[in-house]
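Engineer: would you be able to build a 3D model of this:
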Amino acid sequence: MHSVPAGTALLDVQDVSTRFRVGHALRGRDRAVLTAVDQVSLQIAAGETVGLVGESGCGKSTLARTILQLERPSSGRILFEGRDLLNLHGRSLRKARRQIQVVFQNPRAALDPRMTAAEIVGEGLVVQGGHSRSQRRHEVEQMLKAVGLRPEHSDRYPHQFSGGQQQRLGIARALAVRPKLVIADEPVSALDVSVQAQVLNLLSDLQEEYGLTYLFISHDLSVVRHISNRVGVMYLGRIVELAPTEELYRDPRMPYTQALLSAIPQLRKDDQRERIVLQGDPPNPMNVPSGCPFRTRCWRADDLCAERVPELRIVAPGHWAACHYAGGES
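Structural biologist: Have a look, this model is predicted:
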């Protein structure tokens, strides 16, 4: 699939699957296989923010870890600036990783409690090398200022910061090596609502200032709408819908997306959607239903849905959906 013009993608994920063997092998049988990411393709253009949403366990974070090469995909390709990350090793892989950084969900757990703020932010510069001590100190001070912290905070330890300040510190650490792509994995879900807005605005400002590209992962569709140019929806390891943000929120084509959006609280009465309550729980990922994986919870499912897996296809300009009845071109 091509979601951005050919040749313009900074990140190009092509038919990536990530599988894990789980449990213990019984006599004469292999261990069970869990497919956490299932043939995902996704392109992100330079300077773009793509949001990724879905229920817990749908594979969002595993996809992020696979892109970061913290998990090895079972199949597919991951191209960054046209180079396949799976073919890089040693120094070449470290150089590529400098361009792809991550902001984690829980800043308290992600920051080493034994390191000062200056050591945390400067750690990447030490690993990458090529900076003198005075250069590192200058870069750390500049980055602390960029995220709204003061240089005098340099000698503080993580427990001496508030939750919002800790996440600002995590953002500063990610940006210190001047990456091109930042994967933000639930970066505001552990923060108070008022602090969430501040951090989201900070991420937007930093994107403009440093020319960043974001893959923004969240379960909160209101947050994703605020920051994303396009939004992808995942279900059981697959992307089931992908569209420009306002198009997706205005005209969702996949029933699962419709159900998710119906749960968003609306302030204006005329914006209210009829609430769609899904029946049952998501299927066991080690025993996915035949045909469409969503059919066991879908009110529109019929025999075709049980027989054939719907392809992710164009249903409107720039709008992709994996549903037999989403409309558009077949």
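Engineer: surely residue 94 is within a helix?
Structural biologist: Yes. Counting by DSSP: H, G, I helix; E, B strand; the rest coil, residue 94 is located in a helix.
Engineer: what about it, how many residues close to it?
Structural biologist: Residue 94 has 12 neighbours, counted by other CB atoms under 10 Å. (Each C-beta comes from the backbone N, C-alpha and C, glycine too.)
Engineer: list the contacts of it.
Structural biologist: residue 128 (CB atoms under 8 Å, 6 or more residues apart in numbering).
Engineer: and it, how far from residue 327?
Structural biologist: Using CB to CB, to the nearest Å, one gets 46 Å for the distance from residue 94 to residue 327.
Engineer: swap in residue 134?
Structural biologist: Taking CB to CB, one finds residue 134 at 61 Å from residue 327.
Engineer: same thing with residue 104?
Structural biologist: 39 Å.
Engineer: now the end-to-end length of stretch 201-220.
Structural biologist: 16 Å (CA to CA, to the nearest Å).
Engineer: so what touches it?
Structural biologist: 10-11, 44-56, 60-61, 64, 67, 146-148, 168, 171, 175, 178-189, 224, 227-228.
Engineer: once you drop chain neighbours, what's closest to residue 190?
Structural biologist: Nearest residue to residue 190 in three dimensions, chain neighbours excluded: residue 106, at 5.2 Å (CB to CB, 6 or more residues apart in numbering).
Engineer: now what about stretch 112-122, what contacts it?
Structural biologist: Contact partners of stretch 112-122, identified using CB under 8 Å, 6+ apart, comprise 111, 123, 136-137, 139-140, 143-144, 149, 153-159, 161, 169, 172-173, 176.
Engineer: alpha carbons only: can I get stretch 124-144 in CSV?
Structural biologist: What follows is stretch 124-144, C-alpha atoms only, in CSV (Å, rounded to 0.1, in the frame of the first residue of the first chain):
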residue,chain,number,x,y,z
GLY,A,124,23.0,9.5,24.1
LEU,A,125,25.7,12.0,23.3
VAL,A,126,28.3,9.9,25.3
VAL,A,127,27.2,6.7,23.5
GLN,A,128,27.4,8.3,20.1
GLY,A,129,30.8,10.0,20.8
GLY,A,130,32.3,12.9,19.1
HIS,A,131,31.4,15.5,21.7
SER,A,132,33.8,17.1,24.3
ARG,A,133,32.6,17.5,27.9
SER,A,134,32.0,21.2,27.4
GLN,A,135,30.0,20.5,24.2
ARG,A,136,27.9,17.9,25.9
ARG,A,137,27.2,20.4,28.8
HIS,A,138,26.1,23.0,26.3
GLU,A,139,23.9,20.6,24.4
VAL,A,140,22.3,19.4,27.6
GLU,A,141,21.5,22.9,28.8
GLN,A,142,20.0,23.9,25.4
MET,A,143,17.9,20.8,25.3
LEU,A,144,16.6,21.3,28.9
